[in-house]
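Engineer: Here is a sequence together with a model predicted from it:
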Amino acid sequence: LPQAAQDQLGVVRSCAYHLLNMINMLKDLLKSLQPGLHHDELELSLGQCTLSCQTEEVISRMSAMLNNRLTVHAQVSSQHQVHADAERLYQVIHVIIANAFKYTRRGCVTLDSYLSDDLRYCTVRVLDTGTGFSPEQLDKYNGPLTG
């Protein structure tokens, strides 16, 4: 195949994986809403995950959809191991990065990670040059969850 066709095939493949991930997240959500099901009954496959591997995988699958409109800098340490369900971790990272890409038309998205002083927690930070939130939106999103 010519390079242009290979590039387009990569976009199609990325979009298909993105759609599959959204379907899986919806399935998980619907499963969690079952009457009588408690959060501790959800199926999890816990183990050690390398945060940088999950982040790099999400970025590589989504990068074809960016059409060179964004610069992405991932500064997630390969030393940061987390105890998590790899599939759920991928989904969370996917949602966070997708939001940054969605609301940043042009510019840069930067990801980094750091460990707490006691090495028990890892924080992933996403910075972008998108439009951001109004003060009213910040109050709403940083407030308690309500039904």
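Structural biologist: Noted; the coordinates are in hand. Numbers count the residues shown, from 1 in each chain.
Engineer: so which strand or helix has the residue lying closest to residue 1 once chain neighbours are set aside?
Structural biologist: Nearest non-adjacent residue to residue 1, counting by CB to CB, 6 or more residues apart in numbering: residue 9, 7.1 Å away. Every residue, glycine included, has its C-beta placed from N, CA and C. If you go by DSSP states H and E, residue 9 is part of helix 3-32.
Engineer: for the helix or strand of the chain with the lowest mean pLDDT, packing partners?
Structural biologist: Least confident helix or strand of the chain, by mean pLDDT, DSSP states H and E, is helix 3-32 with a mean of 76. For helix 3-32, the packing partners by 3 or more CB pairs under 8 Å, 6 or more residues apart in numbering; DSSP states H and E come out as helix 51-62, helix 86-102.
Engineer: Okay, buried residues for that helix please.
Structural biologist: 14, 18, 21, 25 (16 or more other CB atoms under 10 Å).
Engineer: quick one: that helix to helix 51-62, angle?
Structural biologist: With axes from the mean of the first three to the mean of the last three CA atoms, to 10 degrees defining the directions, helix 3-32 sits at 120 degrees from helix 51-62.
Engineer: just to revisit the earlier point, and the residue nearest to residue 1, how far from residue 15?
Structural biologist: The spacing between residue 9 and residue 15, counted by CB to CB, to the nearest Å, is 11 Å.
Engineer: Please tell me how far the residue nearest to residue 1 sits from residue 3.
Structural biologist: According to CB to CB, residue 9 stands 10 Å off from residue 3.
Engineer: go on, residue 132?
Structural biologist: Taken as CB to CB, the span from residue 132 to residue 3 is 37 Å.
Engineer: Good, we can wrap up now.
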